[in-house]
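**Q** Coordinates for the following, if possible.
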Amino acid sequence: MSKEQVVVYGAGGHSKVVIDILERTQKYEIVGVVDDDPARQGNYFCGYRILGSLGYLLEQGPNAKVILAVGDNMTRERLALRLVPLGFQFITAIHPAAVVGRDVILGAGTVLMANVAVNPGTRVGEHVIINTGSTVDHDCSIGDFAHISPGVHLAGGVTVEPLAHVGIGASAIEDVTIGQGSIVGAGAAVVTDIPPGVVAVGVPARVVKNVSRA
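**A** Predicted coordinates:
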């Protein structure tokens, strides 16, 4: 059976993990990597040639599918908004050691890393990162371009709105909402709703400032 061809966008630490997942699944043929750093053009990354930048990808057109292996939420959103209208399609990357419930919905471009568990009834949007060892319990909703960091634990019914970032080792009790674009600090415990566009830290998590997008 022929493998689907895919271009990996990004040549950083997050991309290393995405490439490893794609290799382990044995479903895809990685045709190369795209990165916007001019100094890296023509070099190799994880054994794959860096083909060019965004401009190169646009010139080639949507001949291969793409995965946005970029850790920054807003950058993934910007790239997706540029590529989708041109016909580019995105794959999901699911580590073989991830456990996905029977009726979970995963949006295009989403990545599930090793030892992730996503339980039944959960809806995961597009271009979401659910990072190593995180657990997402039943009936959660994870919005587009969100990032659930390593070791995060979300109880049932949690809503993580688009572009939110839940820091490493954080947790959230059942039925709370983490607002759009907000950042939950490492190790925080979310026990009440977090509004959009803020940074919340501590146990319990409390808002300490607004998110800076400068």
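**Q** give me every residue that touches the spatially most central residue of the chain.
**A** The residue lying closest to the centre of the chain (CA atoms, centre = their mean) is I129, at 2.1 Å. The contact partners of I129, taken as CB atoms under 8 Å, 6 or more residues apart in numbering, are H14, G71, T110, V111, M113, A146, H147, I148. From N, CA and C alone the C-beta is placed, and that goes for glycine too.
**Q** same question, G133
**A** G133 is in contact with M113, A114, N115, V116, P150, G151, counting by CB under 8 Å, 6+ apart.
**Q** at 10 Å what do you get?
**A** Contact partners of G133, counting by CB atoms under 10 Å, 6 or more residues apart in numbering, are 97, 113-117, 149-153, 168-169.
**Q** Can you find the helix or strand in this protein with the smallest mean pLDDT?
**A** helix 54-60 (a mean of 89; mean pLDDT, DSSP states H and E).
**Q** Shouldn't K209 be within a helix?
**A** No: counting by DSSP: H, G, I helix; E, B strand; the rest coil, K209 is not part of a helix but strand.
**Q** Use 48 as the first number for this chain going forward.
**A** Okay, residue one is now 48; in that scheme the one you just asked about reads as K256.
**Q** how near is it to L128?
**A** From K256 over to L128 the distance is 27 Å, taken as CB to CB, to the nearest Å.
**Q** Can you tell me which of the contacts of I176 has the most neighbours?
**A** Ranked by the number of neighbours (other CB atoms under 10 Å), the contacts of I176 place I195 first, at 31 neighbours.
**Q** any idea how far that residue is from G228?
**A** Per CB to CB, I195 is found 15 Å from G228.
**Q** Ok, L130 next?
**A** From L130 to G228 the distance is 21 Å (CB to CB).
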